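1. sharing a model that was predicted from the sequence below.
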Amino acid sequence: MADLFPDEPAEAGAATQTPDNAPLADRLRPRALSEVVGQDHLTGAEGAIGRMVAAGKLSSIIFWGPPGTGKTTISRLLADAVGMRFQAISAVFSGVADLKKAFADADKMATAGQHTLLFVDEIHRFNRAQQDGFLPFVERGTVVLVGATTENPSFALNSALLSRTQVLILNRLDHAALAQLLERAEALMEKPLPVTDDARDALIASADGDGRFLLNQAETLFAVNLSEPLDPAGLADFLHRRVPVYDKDREGHYNLISALHKSLRGSDPQAALYYLARMLVAGEEPLYVLRRMTRFASEDIGLADPEALHQCLAAKDAYEFLGSPEGELAIAQACLYLATAPKSNAAYAAQKAAWKSAKATGSLMPPKNILNAPTKLMKDVGYGKGYSYDHDSDEGFSGDNYWPEEMQPETYYQPVERGFEREINKRLAYWNKLRAQR
């Protein structure tokens, strides 16, 4: 269960006494919504949850947020706050039989006047058919469904299920919220953490927004007897750092590559390098990043700086030759080059426009003057007749018409006044002038 506090038994009413030997995170479990940290935008008086509790009526909810942010805890407290029976299942361990039993139990309790909040952890792990199975029970009010997911509901859940629920987003716990958890832990343990102020900040940073992970680390520190507080270096040796949340085929992957692309386009080399580092440190395939950067070189820079494409291809060759970690420096170099290069999407726009025009005009023949005439018959029907060899002119430019007779000339490529495209603009203007004179 990836949440801020571990699960209690599947059904709970009043709060139970937590054993003294229970994990620290369990002993610090909030007993009221007001004690939940980092989610005031939901649990506050003006938040969606606060309003539901004030009205005494819940709608079905999907909680979407990172691990360790309180999805299970808030769901349990919601049930208590409005006097509902709480029942929890996990999509990781449950199947169709478990769902049928949960709905049957809820039906039975409803006849006795007790409504059920059914909490489904990792709800995105149920397949589409299983998700559809929730619909009739939600529609007729057998249960109030509260699902928890770390995945984007837009991709992970059926549209029919989403239309019957309210998606509430839980925030990654920030520094202040995590610091508050540590203060509560110290108050419960009646002693301070054996770390310096700098190490305390490093401990909070190492949690990467996960409250459960932070409390587990704190519990380890409380359990040892140290002669003096740990500094950041000592803390790093003593504890392991949380691995960043990053699934190569999930939303985190697409969020970071989007952030990298937008930072490059926005000419911010510092942010671009940061997102590149985030991806590579988390284990992204370097060649995937290089493929996206190579595409960027053509899409967002193009002929404003033709060297950008060469830099990406050179970085690919260098990485394949050196491997990790040495070859990653070449990727960083290419990243910085792209971020600091002049930007133009003129080539990208021209390609889209030309492709659209080609599809619209079908199989129009080019003008005969620019067709090859390898046979006598082709010469007799006019192939190649009147062709002007550009190199025979003083300017190396004939000004001939190269468009099909049934089609007016189009302008697809319109270079910008940045980088090398400024020079291209001058060339085009010169040729247009010569063409007008002929």
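-> Perfect, thanks for sending it.
2. for the residue lying closest to Glu139 once chain neighbours are set aside, give me the pLDDT.
-> Closest residue to Glu139 apart from its sequence neighbours, by Cβ to Cβ, 6 or more residues apart in numbering: Arg164 at 6.8 Å. Heads up, the C-betas are built off the backbone N, CA and C, glycines and all. pLDDT recorded at Arg164 is 89.
3. what's near enough to touch Arg164?
-> For Arg164, the contact set (Cβ atoms under 8 Å, 6 or more residues apart in numbering) comprises 60, 135, 138-139.
4. out of these, who's nearest Ala223?
-> Nearest to Ala223 among those: Ser60, at 41.2 Å, using Cβ to Cβ.
5. verify the stated contact: the closest one with Thr142.
-> No - counting by Cβ atoms under 8 Å, Ser60 stays clear of Thr142, with 11.1 Å between them.
6. and Glu320, how far from Ala314?
-> Using Cβ to Cβ, to the nearest Å, Glu320 is found at 11 Å from Ala314.
7. same check on Glu228?
-> 51 Å.
8. before we move on, what about Glu122?
-> Distance check for Glu122 against Ala314: by Cβ to Cβ, it reads 44 Å.
9. likewise Met378?
-> Met378 is 45 Å from Ala314, by Cβ to Cβ.
10. what's the answer for Ser363, then?
-> Using Cβ to Cβ, we find Ser363 at a distance of 40 Å from Ala314.
11. Glu35 now?
-> Going from Glu35 to Ala314 by Cβ to Cβ gives 56 Å.
12. what's the answer for Gln130, then?
-> Relative to Ala314, Gln130 is positioned 50 Å away (Cβ to Cβ).
13. with Ala81 instead?
-> Ala81 is 61 Å from Ala314, by Cβ to Cβ.
14. show me which of the two is the more surrounded one.
-> A direct count of neighbours by other Cβ atoms under 10 Å for Ala81 and Ala314 places Ala81 higher, at 18 against 15.
15. so the closest residue in space to that one that isn't next to it in sequence, which of the three states?
-> Closest residue to Ala81 in three dimensions, ignoring its sequence neighbours and counting by Cβ to Cβ, 6+ apart: Val53, at 4.7 Å. Secondary structure, DSSP: H, G, I helix; E, B strand; the rest coil: Val53 is helix.
16. just the pLDDT at Val53, thanks.
-> For Val53, the pLDDT comes out at 92.
17. show the contacting residues for it.
-> Shown in contact with Val53 (Cβ under 8 Å, 6+ apart): 33, 78, 81-82.
18. for Leu273, same thing?
-> By Cβ under 8 Å, 6+ apart, the contact list for Leu273 reads 332, 335-336, 339.
19. neighbour-wise, which of those residues leads?
-> Counting neighbours by other Cβ under 10 Å, Cys335 comes out on top of the contacts of Leu273 with 26 neighbours.
20. that one looks like it's in a helix, true?
-> Yes - assessed by three-state DSSP, Cys335 belongs to a helix.
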